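[1] okay, predicted coordinates and the sequence, questions at the end:
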Amino acid sequence: MSKKIFLIKSVIHVIALGLLISQYYLAIGDQLGGDPVKAIIHFTGIGAFNLLLITLTVTPIAQRFKLGYLMQVRRLLGLYAFTYASCHLLSFIAFDLQFEWQLIIKEILERPYITIGMLAFLWLVPMAVTSIGVIKRKMKSRWQKLHYGNYIIVTLVAIHFYWSVKSELIEPGLYIVITFVLLWLRKDRIHKIFTK
């Protein structure tokens, strides 16, 4: 591993893991304001979304500025996106719904934004599992086809975020624009995928 990649990955670990740990530390210490449950759910959710968008940003930046080595950090960013998404879901189930499974199922079935969010998470699971080197090598060309699912996942997450907000739609609207731009940059590839 080159020194550049090692340094970049180290920074990603420090920032992504550090922020996650500090946020839960503040939550346990009751230092996240009047609604710490809402704060931690929002933080982990928006963190997962940000990491997904950063993952999609790596390729156009690497191609535009001829920084091919950046492609080696996409897997780490994707795994942290999955980590944040897992914490988002677990925080919602544990703190908001108190592990009441009937209520959990009811929420998933009756609230469209939760349904969409759950679909995105379920699709993210095989993406994370197949990021393991051994599995990736065994899948060969099927791996790339599976990971094109990133485009659908990020779209579902954008919808989930927009539908979950009852006011102040500027932030989710901005995220939808960013998502659209990143997908538009891949319009030729996406067209080929869905017209095969």
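    Received it, and whenever you're ready, just let me know what you need. Numbering: from 1, shown residues only.
[2] how near is residue 70 to residue 19?
    Using C-beta to C-beta, to the nearest Å, we find residue 70 at a distance of 21 Å from residue 19. Using the backbone N, CA and C atoms, a C-beta is placed for each residue, glycine as well.
[3] with neighbour numbers in mind, choose between these two.
    Higher neighbour count among residue 70 and residue 19: residue 70, with 17 against 14, using other C-beta atoms under 10 Å.
[4] excluding covalently adjacent residues, which one is nearest to that one?
    residue 62 (4.3 Å; C-beta to C-beta, 6 or more residues apart in numbering).
[5] other SSEs contacting the host helix or strand of the one you found?
    Per DSSP states H and E: residue 62 is located in helix 36-64. On a contact count with 3 or more C-beta pairs under 8 Å, 6 or more residues apart in numbering; DSSP states H and E, helix 36-64 meets helix 3-28, helix 74-91, helix 150-164, helix 170-184.
[6] ok, now with 10 Å
    Contacts defined by 3 or more C-beta pairs under 10 Å, 6 or more residues apart in numbering; DSSP states H and E place helix 36-64 against helix 3-28, helix 74-91, helix 112-129, helix 150-164, helix 170-184.
[7] contacting residues around the helix or strand of the chain with the lowest mean pLDDT?
    Ranking every helix and strand in the chain by mean pLDDT, DSSP states H and E puts helix 187-195 at the bottom, with a mean of 80. Helix 187-195 has contacts (C-beta atoms under 10 Å, 6 or more residues apart in numbering) with 59, 145, 148-149, 151-152, 183-184, 186.
[8] give me the buried entries from those.
    For those, a burial check counting by 16 or more other C-beta atoms under 10 Å picks out 59, 149, 151, 183, 186.
[9] most widely separated two among those residues?
    Greatest spacing in the buried ones among the contacts of helix 187-195, by C-beta to C-beta: 59 and 149 (15.4 Å).
[10] counting neighbours, what do you get for residue 98?
    By the criterion of other C-beta under 10 Å, residue 98 has 9 neighbours.
[11] contact partners for it?
    residue 104.
[12] could you measure it against residue 159, distance?
    For residue 98 relative to residue 159 (C-beta to C-beta), the value is 27 Å.
[13] ditto for residue 108
    Residue 108 sits 15 Å away from residue 159, taking C-beta to C-beta as the criterion.
[14] isn't residue 26 right up against residue 20?
    No. The criterion here is C-beta atoms under 10 Å, and residue 26 misses it with residue 20 at 11.1 Å.
[15] okay, and for the protein, where does confidence drop off?
    Residues of the chain meeting the criterion pLDDT under 70: 1, 196.
[16] surely residue 16 meets residue 78?
    No. Using C-beta under 10 Å, residue 16 makes no contact with residue 78, being 11.4 Å away.
[17] any shared contact partners between these two?
    Overlap of the contact sets of residue 16 and residue 78 (by C-beta under 10 Å, 6+ apart) consists of 51, 54.
[18] returning to that earlier point: possible to save the contacts of helix 187-195 as a markdown table with distance to residue 82?
    Output for those, formatted as a markdown table (distance: C-beta to C-beta, whole Å):
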| residue | distance to residue 82 |
| --- | --- |
| 59 | 18 |
| 145 | 19 |
| 148 | 17 |
| 149 | 13 |
| 151 | 16 |
| 152 | 15 |
| 183 | 20 |
| 184 | 25 |
| 186 | 21 |
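[19] many thanks, we can stop here.
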